[in-house]
Every structure is written in C-alpha cells, then in structure tokens.
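Novice: predicted coordinates and the sequence they were generated for:
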Amino acid sequence: MDTPVPDVRVRTVVPDYAGMHPLVADLVLPEGASMSVMSALETSRELIRHSYYRYEFATVAVTHALSAVEQVLAGRLADDDAPLDELVRRAADAGLVSAYLAGELERGLRLRERIARGATTSAAVNPLRAVDLVRAVFDTVAALLGPAVEAGGAGEGPQERLVRLWEEHGSAPFPASFRGADIDGTDLVLLDTDVAALVQRELEGGLDGEGVAALWARVADLRAVVPRLDEEYCATYFTRLRDLADLVAARHLPPAT
C-alpha cells in the first residue's frame, strides 16, 4: 500500500502530521450525546486531523459537524422540522447558546450553503479555521446537553437579556481594523452607531413609529452583514449588536389576531 503523501497546502499550518494532534486535542466529545451525535463529532475531528493529507477534509469537517448540532438543537427545542438557521436563532434568543457560538454556527451554515450552490469549493477553509468552527459545534452541543446556566442562561427574560447585552456592548470597543469598512454598501461604523442609538432610545423611553421603521431596516442590514464577517472579534461584536436589535424589534411586533 502506498504511503499517504502530505498535502503541500498544509505546510504553512504544521511541520508534520504529529503537529495536527495538538490542533484537535481540545475537541473533546461531550458527555450525554447520542451515538449519532458522537459519531458526527468524532468524524469531524478526525477529518481535521487528516486534512494534513487532504486539505479539503478541513472544510468537509465543518459541514459534517453541523449535523450533530442540528440533531441536538432539534431535540432541545422539540422541533424536527425547522431549518438549522432558525434553530440556531431561537436557541440564541432563548439564551441557550452565546452570541459568539451562534455567530460561528451561522458562518458554518453559510459555508455549507455556498458549497451547495457551487459558489465556493471544499478547499474554502484552512485547518486552523476549521478547528474554530468545529469547536463551536462541540461547545454548543456540550452547552445544550449540560445543566442550565444560571447567568445569561435559559431562565433569563428578554428584558434582562436586553440590559445585559447592552451593558456588554457599551464596554466593548469597536473592531479597530473595520473602521471605514463596508459590506455591500453597508458602512459598519454607521450601522453600529445607528443601532446603538435606537436601542438607547428604546431603553430611555421607547421608539416612535419612525424609530421602529429605522430599526427594522437596520435589522435587515445586520442579518445580511453578520454571516459575512469572518474575523472573530468583529463577528462577535456585530452578532451581539444584531441580538440587541432583534430584542428591541420583538417589542414592536404587531399583536397576533
């Protein structure tokens, strides 16, 4: 049998196959997962390890891992029919997963969709980034299967979550390297400023009709922008901003009839 040949594209990541082991060492299978979930997670971890020999395995690891979190979310939310992007959003809204994890899962979903449409190839993600995205799946599964978190967890109401996220956002500096950047014509600094002002107006007395309309427009901008942010801190920053906007917008939904 021929000896596997290292993929030359991995030379900038690790010097040899042994160097792949530390990359995936903290991807520990969570307790309490079903056999199918454990299988998907373990396979994803080993795909990253063996991307030393085939670079594309790293991207495949990310897309395969999503099946594990989809199974767990469907069970936790008791909904076998909703698509994964909706399940992720509902879990984030309920405080079951953090804004960062939700953002990473959304980026994994966007990658899977782009591959399915032929917009990118299976070489889209390098092994280091694959570890980040797969770790988000491992951490999400562990959080969903573990005990409820008291602070910022499932028992947190919308008002408490809004106040907490607003305080977190106020203490977080804007991503310096993204000043002056725009995505499809949406200026990120202006987007941040606009949404923050609208949230503050809501907290200080409530939005009028014009403010609500402006907020919904910015919600649409955030939903388009956030999945396209690949830099970790910037993605976390704007995911939290989107969550803030969603929480305020939910207050102004028309009553059910």
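Specialist: Nice, thanks for sending it over.

Novice: from the chain's centre, how far out does stretch 81-98 sit?
Specialist: 10 Å (C-alpha atoms, centre = their mean, to the nearest Å).

Novice: which sections of this protein are below the confidence cut-off?
Specialist: 1, 147-157, 254-257 (pLDDT under 70).

Novice: kindly recompute the last result at 50.
Specialist: Applying pLDDT under 50 to the chain flags residues 148-155, 256-257.

Novice: do a quick rundown of the helices in it.
Specialist: 20-24, 35-49, 57-76, 84-93, 99-116, 127-145, 158-170, 188-204, 209-225, 232-250 (DSSP state H).

Novice: and the fourth one, what does it pack onto?
Specialist: The criterion is 3 or more C-beta pairs under 8 Å, 6 or more residues apart in numbering; DSSP states H and E, and the helices and strands that helix 84-93 contacts are helix 57-76, helix 99-116, helix 232-250. The C-beta positions use only the backbone N, C-alpha and C, and glycine is treated the same way.

Novice: same thing but at 6 Å, please
Specialist: helix 57-76, helix 99-116 (3 or more C-beta pairs under 6 Å, 6 or more residues apart in numbering; DSSP states H and E).

Novice: just the third one next, same as before
Specialist: If you count contacts as 3+ C-beta pairs under 6 Å, 6+ apart, helix 57-76 packs onto helix 35-49, helix 84-93, helix 99-116, helix 127-145.

Novice: can you lay out those helices as JSON lines showing mean neighbour count and distance to residue 171?
Specialist: Output for these, formatted as JSON lines (neighbours: other C-beta atoms under 10 Å; distance: least, C-beta to C-beta, whole Å):
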{"stretch": "helix 35-49", "mean neighbour count": "19", "distance to residue 171": "34"}
{"stretch": "helix 84-93", "mean neighbour count": "19", "distance to residue 171": "20"}
{"stretch": "helix 99-116", "mean neighbour count": "21", "distance to residue 171": "14"}
{"stretch": "helix 127-145", "mean neighbour count": "21", "distance to residue 171": "23"}
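
Novice: among those helices, which is nearest residue 191?
Specialist: Residue 191 lies closest to helix 99-116 among those, at 15.5 Å (C-beta to C-beta).

Novice: hmm, residue 50 is touching residue 58, no?
Specialist: No. Using C-beta atoms under 6 Å, residue 50 makes no contact with residue 58, being 9.4 Å away.

Novice: and the two? which has more neighbours close in?
Specialist: Higher neighbour count among residue 50 and residue 58: residue 58, with 31 against 17, using other C-beta atoms under 10 Å.

Novice: check contacts around that one.
Specialist: Contact analysis of residue 58 by C-beta atoms under 6 Å, 6 or more residues apart in numbering lists 48, 51, 125, 127, 130.

Novice: distance of it from residue 167?
Specialist: With the distance defined as C-beta to C-beta, to the nearest Å, residue 58 ends up 37 Å from residue 167.

Novice: the nearest residue to residue 212 once chain neighbours are set aside - how many residues pack around it?
Specialist: Nearest residue to residue 212, sequence neighbours excluded (C-beta to C-beta, 6 or more residues apart in numbering): residue 252, at 4.7 Å. For residue 252, the number of neighbouring residues by other C-beta under 10 Å comes to 15.

Novice: got a list of contacts for stretch 10-26?
Specialist: 45, 48-49, 52, 55, 127, 131.

Novice: return the member of these nearest to residue 145.
Specialist: Taking these together and measuring to residue 145 by C-beta to C-beta, the closest member is residue 45, at 17.0 Å.

Novice: measure residue 4 to residue 50 for me?
Specialist: 9 Å.

Novice: again, but for residue 160
Specialist: Separation of residue 160 from residue 50 (C-beta to C-beta) stands at 45 Å.

Novice: thinking residue 41 is in contact with residue 69, fair?
Specialist: No. Taking contacts as C-beta under 6 Å, residue 41 lies outside contact range of residue 69: 9.1 Å.

Novice: closest to residue 209 out of the helices and strands packed on helix 57-76?
Specialist: helix 84-93 (24.3 Å).
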